[in-house]
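Asker: No sequence on hand, only this structure:
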Ligand SMILES: NC(=O)c1ccc[n+]([C@@H]2O[C@H](COP(=O)([O-])OP(=O)(O)OC[C@H]3O[C@@H](n4cnc5c(N)ncnc54)[C@H](O)[C@@H]3O)[C@@H](O)[C@H]2O)c1
Ligand SMILES: [Zn+2]
Ligand SMILES: [Zn+2]
């Protein structure tokens, strides 16, 4: 089969590799029809993680089931399925509690597994013609009849829509509240959309990319073009000097200042400043335990110069981590089915798999207009 293979930093290519296949009785084999490129793929693409050359990327996958293992009961050949980026077993202590992002079975020694991801187990990604799905009955979300017609909406259930929603869940967004969201990438845009679903009264989205801020305005958010003091002042002004009721971090450790230089503590400290006293903060942007190639000494050790004193004084709370996609994807899919939301509003490019290397390059440079790429191995 054809697949997008990671060769080394900023070097990916389409190669012929052995077909994915059923390896265990509980596996499902999927012919991929859509697989997105994600901001998380860029951490690997840029060589900022310990990704082994030769591995296949792609954790935001949707496709058609073409074979099921003998122990699969629920999922059938021909079903169109969307796969959560996390791989869960369904029976460990964490999966049982709905925390499938922290499965204890699928990546022994660590909590959490994913497709095509550094440090998340040996599983191949879905930027390929075929994908092996472990524990298929647990992991496959079988899509309704309009699956083909709304494929670019449903594929967002694999990661960014539930992840944006998870940010608002960690931040406990309540009806009528104001929310400040750092990052207008796909995850931040989905957190804005999720805040609207939850009834927020004011949603501020902070970034410097005008094309992305425009997309935030399309769902009714207030765009804040400024990641430093100006942006902070604007939010304080718009919230009567108190700060927003709650906040979401949707950027991660590569967050930048206005000159596009990495300042790893910028978004976290801005959240402490712009969220009110006692407000809650949801952090889904990725911060990694070590980054040996980083310029910042603390960042190399996975540490941050965090304004803990202010945070403590304000009595704020933080929730962090990978989104437990399974906890939300079924209900969020109904919002798509009944035309309440259209997450495909963030899609900027729909490309055949062969064009994935150029797509990575453009998306990595955050070129104007490259918000979300959906790769179509069938095209
Ligand atoms: N927790 C999870 O389960 C999960 C799932 C998916 C993605 N992620 C992570 O979420 C983060 C965002 O993902 P994405 O796909 O939207 O990425 P992205 O890189 O496309 O978007 C990040 C955005 O943040 C903006 N930004 C940079 N510095 C900023 C600052 N100081 N203030 C405000 N905005 C700033 C960038 O301009 C960019 O538009 C990444 O760290 C990704 O790895 C986490
Ligand atoms: Zn992703
Ligand atoms: Zn598990």
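Answerer: Great, that's in hand. Only a predicted model underlies this, so the values are computations on that prediction, with no experimental measurement involved. Ligands and ions are numbered 1, 2, ... in the order given.

Asker: contacts, neighbours, all on C-alpha from now
Answerer: Noted.

Asker: hang on, residue 15 packs against residue 7?
Answerer: No - with contact defined as CA atoms under 8 Å, residue 15 does not count as touching residue 7 (10.5 Å).

Asker: Skipping adjacent residues, who's closest to the residue sitting nearest the centre point of the chain in space?
Answerer: For the chain, the residue nearest the mean C-alpha position is residue 160 (4.1 Å; CA atoms, centre = their mean). Nearest residue to residue 160, sequence neighbours excluded (CA to CA, 6 or more residues apart in numbering): residue 187, at 5.1 Å.

Asker: Please confirm that the one you found is located within a helix.
Answerer: Yes - counting by DSSP: H, G, I helix; E, B strand; the rest coil, one finds residue 187 located in a helix.

Asker: For it, give me its contacts.
Answerer: Shown in contact with residue 187 (CA atoms under 8 Å, 6 or more residues apart in numbering): 160, 161, 163, 164, 250.

Asker: can you tell me which of these are in strands?
Answerer: The strands, defined by DSSP state E, take in nothing from these.

Asker: of all these, which comes closest to ligand 3?
Answerer: Taking CA to the ion as the measure, ligand 3 sits nearest to residue 163 out of the contacts of residue 187, at 18.6 Å.

Asker: so that closest one makes contact with residue 285?
Answerer: No - here residue 163 lies out of contact with residue 285, judged by CA under 8 Å, at a distance of 9.5 Å.

Asker: which residues are common contacts for the two?
Answerer: Common neighbours of residue 163 and residue 285 (criterion: CA under 8 Å, 6+ apart): none identified.

Asker: what residues does the worst-scoring helix or strand of the chain on mean pLDDT touch?
Answerer: One helix or strand of the chain scores below all others by mean pLDDT, DSSP states H and E: helix 297-300, with a mean of 91. Here helix 297-300 makes contact (CA under 8 Å, 6+ apart) with 264, 290, 291, 292, 293, 294, 304, 305.

Asker: next helix or strand past it?
Answerer: helix 308-313 (DSSP states H and E).

Asker: Let me see the mean pLDDT of the following helix or strand past that following helix.
Answerer: Counting by DSSP H and E, the element after helix 308-313 in chain order, helix or strand, is strand 317-320. Throughout strand 317-320, pLDDT has a mean value of 98.

Asker: So for strand 317-320, what gets flagged as buried?
Answerer: Buried residues in strand 317-320, counted by 16 or more other CA atoms under 10 Å: 317, 319, 320.

Asker: check contacts around the closest residue to the last one other than its chain neighbours.
Answerer: The one in question is residue 320. Among residues not flanking residue 320 along the chain, residue 283 sits closest, at 4.6 Å (CA to CA, 6+ apart). Residues counted as contacts of residue 283 (CA under 8 Å, 6+ apart) are 167, 170, 248, 249, 250, 318, 319, 320, 321.

Asker: Pretty sure the last one sits against residue 252.
Answerer: No - contact status for residue 321 versus residue 252: not in contact, 11.0 Å apart, counting by CA under 8 Å.

Asker: Spell out which residues are contacts of both of these two.
Answerer: 284, 286.

Asker: and the residue in the stretch 101-250 of the chain positioned nearest to ligand 3, how many neighbours does it have?
Answerer: Relative to ligand 3, the nearest point of the stretch 101-250 of the chain is residue 103 (3.6 Å; CA to the ion). Neighbour count for residue 103, taken as other CA atoms under 10 Å: 27.

Asker: if I look at it, how far off is residue 111?
Answerer: According to CA to CA, to the nearest Å, residue 103 stands 5 Å off from residue 111.

Asker: How about the chain, which of its residues are in the neighbourhood of ligand 1?
Answerer: 38-40, 159-160, 163, 182-188, 206-209, 227, 250-252, 255-257, 266-267, 284-286, 321-323 (CA under 6 Å from any ligand atom).

Asker: Pull the number of nearby residues for residue 191.
Answerer: When neighbours are defined as other CA under 10 Å, residue 191 has 35 of them.

Asker: now residue 173
Answerer: 28.

Asker: Over to residue 238?
Answerer: The local packing of residue 238 (other CA under 10 Å) involves 14 other residues.

Asker: Sticking with the closest residue to residue 130 other than its chain neighbours, tell me its helix or strand.
Answerer: Nearest non-adjacent residue to residue 130, counting by CA to CA, 6+ apart: residue 31, 4.7 Å away. Of the helices and strands defined by DSSP H and E, residue 31 is found in strand 28-36.

Asker: Cheers, nothing more for now.
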